[in-house]
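Asks: can't give you the sequence, but here's the structure:
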């Protein structure tokens with residue numbers, strides 16, 4: 001079983017175990033937020049854009065954050081850096097992001113299954129009644145009730161998004 005498939009199965013198992021309200025949406029393979037939102041029929045503001053950010057917190061220390069922002073905004077690296085008291089913040093390499101997230105770029109979930117990956121969500125995303133995101137696969141998305149997402153993922157909520 002591929003790592004992506006395992007991550008998908010882990011997510012579905014967790015959502016079912018916790019009684020979450022969600023829908024699976026099959027669509028052509030697509031990882032770009034704007035394009036996949038059109039395929040799913042949601043607004044970009046309802047899409048959970050998930051980016052792995054590396055923050056240097058010391059000369060030889062760094063932390064990784066799974067930054068989740070509305071699809072019509074971008075991650076404010078300065079805000080993430082300040083949040084962790086770091087000296088530098090940048091996008092993690094694709095290899096590191098995919099290893100920590102358990103899926104390829106474009107399919108990263110707004111959930112962290114790795115203790116090295118700290119989940120931080122912008123509060124604007126949580127204003128939506130339902131969230132949409134690729135489910136560790138380019139050809140499958142989930143629509144998940146926001147209240148269930150917050151209860152299950154237990155994200156740290158901080159303003160980390162900026163207008164595009």
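Replies: Great, that's in hand. Because the structure is a prediction, the values reported are computed rather than measured. Numbers count the residues shown, from 1 in each chain.

Asks: which residues of this structure fall in helices?
Replies: Using DSSP state H, the helices of the chain run over 3-17, 33-40, 77-83, 94-101, 146-153.

Asks: quick check: phi and psi at the residue lying farthest from the centre of the chain.
Replies: Computed with CA atoms, centre = their mean, the residue of the chain farthest from its C-alpha average is residue 59, at 27.6 Å. Taking degrees, to the nearest 10, you get phi -60, psi -40 for the backbone angles of residue 59.

Asks: that one and residue 133, how far apart?
Replies: The gap separating residue 59 from residue 133 is 35 Å, by CB to CB, to the nearest Å. Where you see a C-beta, it was placed from the backbone N, CA and C, and this is true even at glycine.

Asks: look up how far residue 87 lies from the residue farthest from the centre of the chain.
Replies: The value you get for residue 59 to residue 87, if CB to CB is used, is 9 Å.

Asks: one more: residue 118?
Replies: 17 Å.

Asks: help me confirm that residue 68 comes into contact with residue 117.
Replies: No. Applying CB atoms under 8 Å, one finds residue 68 not in contact with residue 117, separated by 11.4 Å.

Asks: where do the strands sit along this structure?
Replies: Here the chain has its strands, by DSSP state E, at 22-26, 48-56, 62-70, 73-75, 88-91, 117-121, 130-137, 140-145, 156-157, 161-163.

Asks: now tabulate those in TSV and tack on mean neighbour count.
Replies: Output for these, formatted as TSV (neighbours: other CB atoms under 10 Å):
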stretch	mean neighbour count
strand 22-26	14
strand 48-56	22
strand 62-70	24
strand 73-75	19
strand 88-91	16
strand 117-121	21
strand 130-137	24
strand 140-145	20
strand 156-157	14
strand 161-163	14
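
Asks: I'd like the ones you listed laid out as TSV, including distance to residue 10 and mean pLDDT.
Replies: What follows is these, written out as TSV (distance: least, CB to CB, whole Å; pLDDT from 0 to 100):
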stretch	distance to residue 10	mean pLDDT
strand 22-26	14	97
strand 48-56	16	97
strand 62-70	15	98
strand 73-75	24	97
strand 88-91	24	98
strand 117-121	14	98
strand 130-137	8	95
strand 140-145	13	97
strand 156-157	21	98
strand 161-163	27	96
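
Asks: switch the ones you listed over to TSV; also include distance to residue 107.
Replies: Formatted as TSV, these follow (distance: least, CB to CB, whole Å):
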stretch	distance to residue 107
strand 22-26	13
strand 48-56	9
strand 62-70	13
strand 73-75	17
strand 88-91	16
strand 117-121	15
strand 130-137	4
strand 140-145	9
strand 156-157	22
strand 161-163	20
